[in-house]
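Q: Here you go, sequence then predicted model.
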Amino acid sequence: MNSRLVYGARSDASVTRLGLGCEWTVAPFEPRLTRGDVHVWLAPLDRMSLDQETVRSALSESERSRAAALRYPRDRVRFLHAHFVLRSLLGWYLRTSPRHVQMVARDGGKPVLAGPSTMTFNMSHSEGVAIYAFAVHDEIGVDIQSIRDDIHFHRIANRYFAPSEVQRIMRADSSDQIHTFFQYWVRKEAVLKAAGCGLGDGLVTVDVGQDCRVEPDHLVARVPGSNELWHVFDLPAITGYRAALALRSVPRHIACWRVSQCEDFPVLTCQ
Ligand SMILES: CC(C)(COP(=O)(O)OP(=O)(O)OC[C@H]1O[C@@H](n2cnc3c(N)ncnc32)[C@H](O)[C@@H]1OP(=O)(O)O)[C@@H](O)C(=O)NCCC(=O)NCCS
């Protein structure tokens, strides 16, 4: 596992990607999550061959109904897989079976573990890829977005981003503009999800561009109206996606692991 403190600064970290310095690797057989650690998992939902009966039986009634309400079969499978992997990971950390993991939604909608647990988590999914982040004694938020080139990102940036961020996007090389847009987007969402607020009008007010503090490998952002500071990290490259992580305190270690096949992921009870 890498220490995040060793990775160097970029000259303009607010517009370029922040160098976390790790890559997505296969997890050790028994990763341990202790205070100061962050574990981030990446799961390619479309490439996982899971027994659908096992998946469905691990989920709650409410998760099954939410999946059933989705219009397209592909979205239903992605949703089921995303929640199954979440439950499998939580169950593995908590030493219980996926179906026994109890979650509740806080005011604002953020799912948390029911009962007196110190473990926190957040997940995000986009176009067949899910990302999960786990910590202890901290608030955590994560966001992933697929880079879509069919959107009017200038228009969205003008509406939802701070003026300084729009300027940064415009100043980037034309081929980098869309990547910068999505990088800012996931940073903002990660902060809002860590704070448990959801999007609302928050995207416009969380500054992750020019005006926030830039540390060697991360940014420090604030949700206006609150004194809380959030530490924002760009996650390692995922082709076609951008992803970011936000926490209230600076972690000692961030480990990034991928779930590729069930064989290299003993946490999942794959059939
Ligand atoms: C929650 C929200 C941020 C999700 O963003 P998204 O990009 O559409 O979806 P993502 O894939 O990144 O994240 C979804 C996951 O985040 C988690 N989540 C849901 N609500 C959340 C919240 N308020 N904060 C943090 N995480 C949340 C869930 O695990 C959810 O997964 P699920 O929908 O499969 O159950 C967005 O839907 C939203 O803004 N909702 C409105 C909430 C709101 O207005 N709250 C007001 C009070 S402050």
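A: Cool, got the structure.
Q: And the strands in this structure?
A: For the chain, the strands defined by DSSP state E occupy 37-44, 103-105, 111-113, 119-126, 129-136, 140-146, 213-214, 219-222, 229-234, 241-247, 253-258.
Q: ranking those by burial, who's on top?
A: strand 241-247 (a mean of 27; mean count of other Cβ atoms under 10 Å). From N, CA and C alone the C-beta is placed, and that goes for glycine too.
Q: And the pLDDT for the residue sitting nearest the centre point of the chain?
A: Taking Cα atoms, centre = their mean, the centroid of the chain lies closest to Val142, which sits 2.4 Å from it. For Val142, the pLDDT comes out at 97.
Q: Does it touch Ser126 like I think?
A: No - between Val142 and Ser126 there is no contact under Cβ atoms under 8 Å: 11.2 Å.
Q: Overlap in contacts, the two.
A: When Cβ atoms under 8 Å, 6 or more residues apart in numbering defines a contact, no residue borders Val142 and Ser126 alike.
Q: ok, now how distant is the residue nearest to the centre of the chain from the ligand?
A: 8 Å (Cβ to the nearest ligand atom, to the nearest Å).
Q: show me what contacts the residue nearest to that residue when sequence neighbours are not counted?
A: What sits nearest to Val142 in space, not counting adjacent residues and going by Cβ to Cβ, 6 or more residues apart in numbering, is Ala133, at 4.1 Å. Applying Cβ under 8 Å, 6+ apart to Ala133 gives the contacts 38-41, 121-123, 140-142, 245.
Q: redo that, cut-off 10 Å
A: With contacts defined as Cβ atoms under 10 Å, 6 or more residues apart in numbering, the neighbours of Ala133 are 38-41, 120-124, 140-143, 190, 193-194, 233, 235, 243, 245-247, 254, 256.
Q: Local confidence estimate at it?
A: 97.
Q: Looking at strand pairing, list the partners for it.
A: Val40, Asn122 (DSSP bridges).
Q: Equivalent analysis for Ser146, please.
A: Tyr241.
Q: quick one: contacts for it?
A: 126-129, 182, 238, 240-242.
Q: do you know how far it is from Thr239?
A: 10 Å (Cβ to Cβ, to the nearest Å).
Q: Count the neighbours of Arg155 for me.
A: Look at Arg155: counted by other Cβ atoms under 10 Å, it has 9 neighbours.
Q: cool, and the one 10 residues further on?
A: Here the number of neighbours of Glu165 (other Cβ under 10 Å) works out to 28.
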